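J.: The following comprises the amino acid sequence and a computationally predicted model.
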Amino acid sequence: MTNRPDLPYQPTPPDQSTGSLMASPTSTLPQRLAHQGAPTSTGARTLALFSCKGGVGTTFLTAQLGYVLAQSRQRRVLLVDCVYPYGDLGVMLGESSPTGSLSDLLRNPGRIDGHLLESVLTHPYPHLAVLSGCGLVFLSRDDLQRGLCRVLELARARFDLIVLDCGRQPEPASQFLLQGADDLIPVLQPTLPMLRDARQLLISLRSQGISRERIVPVLNCPRRGSTALVQALEQALGCALVHRIPEYSDLVQGSTMTGVPVPHLFPRHRLSQSIVYLGQVLMGEEKSKVPDRGRFWRGWWGARKTLGASVVGKVQPTAMTLPG
């Protein structure tokens, strides 16, 4: 697929004072994200999106977030589909027939080099590359880890940011990738099954030696009337949710069917701005306020009630005269 330079999304200009793509340690982030800003190893920073259940929008959010991060400050972003064996991250970005995939690289871990990596990448948008998902590859755990280490080592030298779609957390490959990521982003939904498994998810991550400061939970598609479930979910996790992605099922379905990101189609929509805001939070940038479409109507209704009360207070009742 060829690049599409005519993007409607207008990126924010980079900070000319620092010239850096990464956030500094003094960025205005929440306290539990303050340790972020630079990868633990040399090269690109790594974000890993995952969930304890399927169908919560992890792949969709990975595609949208990767597009926004690549276009906002022209970072070189690599999206890696690590969902085994049914990854469809490339389909979310309009790639129906990739030239290669991660499974092609992992079949011969010893032969992986920079040229082979470049040959299997697709570039659906400027500054954005996609490494499509795994097929059926029968490898031992050691060979799998060795191949993934080699792929990430080469990717860190060529990109500014790597975003991993790890799918459901219990997969062996996902567990290995989560341990090496700089930020772990569990995608959650306010449902009773998710509430039941949220605490177990945190215990599983902590048992792997992952500190709570690296976990950045995001709520996807909160519905009206789910406030109590959201609060219970935060109590189960033991921390506040970093951000909430609003629910617009029609836009999500349209983006999934066409393979075009929502911020590309509707850059000023509330869903697009919410994804932009999440990217700014993760990168420690100055955050733009998410537009509140209900603010106007709440203000109008409040002014109407105030005006009505003042008018009622000034109008004196008059005597009613019955006819004839």
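T.: Right, received. Where do you want to start?

J.: What segments of this structure are strands?
T.: With DSSP state E as the criterion, the chain has strands at 45-51, 77-81, 122-125, 128-131, 161-168, 183-188, 218-220, 243-245.

J.: I'd like the mean pLDDT over the third one, please.
T.: In this model, strand 122-125 has a mean pLDDT of 92.

J.: re the thing from before, please name whichever of the strands of the chain is nearest to residue 87.
T.: Closest approach to residue 87 among these is made by strand 77-81 (3.8 Å; Cβ to Cβ). C-beta coordinates here come from the backbone N, C-alpha and C atoms, glycine included.

J.: residues making contact with that closest one?
T.: Here strand 77-81 makes contact (Cβ atoms under 8 Å, 6 or more residues apart in numbering) with 44, 59, 62-63, 66, 69-70, 87-90, 93, 101-102, 121, 127-134, 151, 155, 158-165.

J.: and the angle for it with strand 45-51?
T.: Strand 77-81 runs at 30 degrees relative to strand 45-51, counting by axes from the mean of the first three to the mean of the last three Cα atoms, to 10 degrees.

J.: to the chain's geometric centre, what's the distance from strand 77-81?
T.: Remark: strand 77-81 is offset 12 Å from the chain centroid, using Cα atoms, centre = their mean, to the nearest Å.

J.: Can you give the strand pairings for that strand, parallel or anti for each?
T.: Sheet pairing here is set by DSSP bridges, and for strand 77-81 it gives strand 128-131 (parallel), strand 161-168 (parallel).

J.: and the longest one, C-alpha only, in PDB?
T.: Output in PDB follows, covering the C-alpha atoms of strand 161-168 (Å, rounded to 0.1, in the frame of the first residue of the first chain):
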ATOM      1  CA  LEU A 161       8.200   4.300  19.100                       C
ATOM      2  CA  ILE A 162       7.000   0.700  19.000                       C
ATOM      3  CA  VAL A 163       3.400  -0.200  19.800                       C
ATOM      4  CA  LEU A 164       2.600  -3.800  20.400                       C
ATOM      5  CA  ASP A 165      -0.800  -5.400  20.100                       C
ATOM      6  CA  CYS A 166      -0.400  -8.300  22.600                       C
ATOM      7  CA  GLY A 167      -4.100  -9.500  22.600                       C
ATOM      8  CA  ARG A 168      -5.000 -11.600  25.500                       C
END
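
J.: what residues does that strand touch?
T.: Here strand 161-168 has contacts from 21, 44-54, 58-59, 62, 65-66, 69, 75-84, 87, 89, 152, 155-156, 173-174, 177-178, 181, using Cβ under 8 Å, 6+ apart.

J.: Can you list the buried residues in that strand?
T.: Going by neighbour count (16 or more other Cβ atoms under 10 Å), the buried part of strand 161-168 is 161-167.

J.: Could you save those residues as a markdown table and add columns showing pLDDT and distance to residue 111?
T.: What follows is the buried residues of strand 161-168, written out as a markdown table (pLDDT from 0 to 100; distance: Cβ to Cβ, whole Å):
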| residue | pLDDT | distance to residue 111 |
| --- | --- | --- |
| 161 | 96 | 26 |
| 162 | 96 | 21 |
| 163 | 96 | 25 |
| 164 | 94 | 22 |
| 165 | 92 | 25 |
| 166 | 87 | 25 |
| 167 | 82 | 26 |
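
J.: low-scoring stretches of the stretch 201-324 of the chain, by residue?
T.: Across the stretch 201-324 of the chain, the ranges flagged by pLDDT under 70 are 225, 286-324.

J.: what do you get if the cut-off is 80, keeping everything else the same?
T.: Residue ranges of the stretch 201-324 of the chain with pLDDT under 80: 223-226, 236, 238-239, 286-324.

J.: those helices in it, which residues are they?
T.: Along the stretch 201-324 of the chain, the segments classed as helices by DSSP state H, counting those that start in this stretch run 227-237, 249-258, 262-265, 270-283, 295-314.
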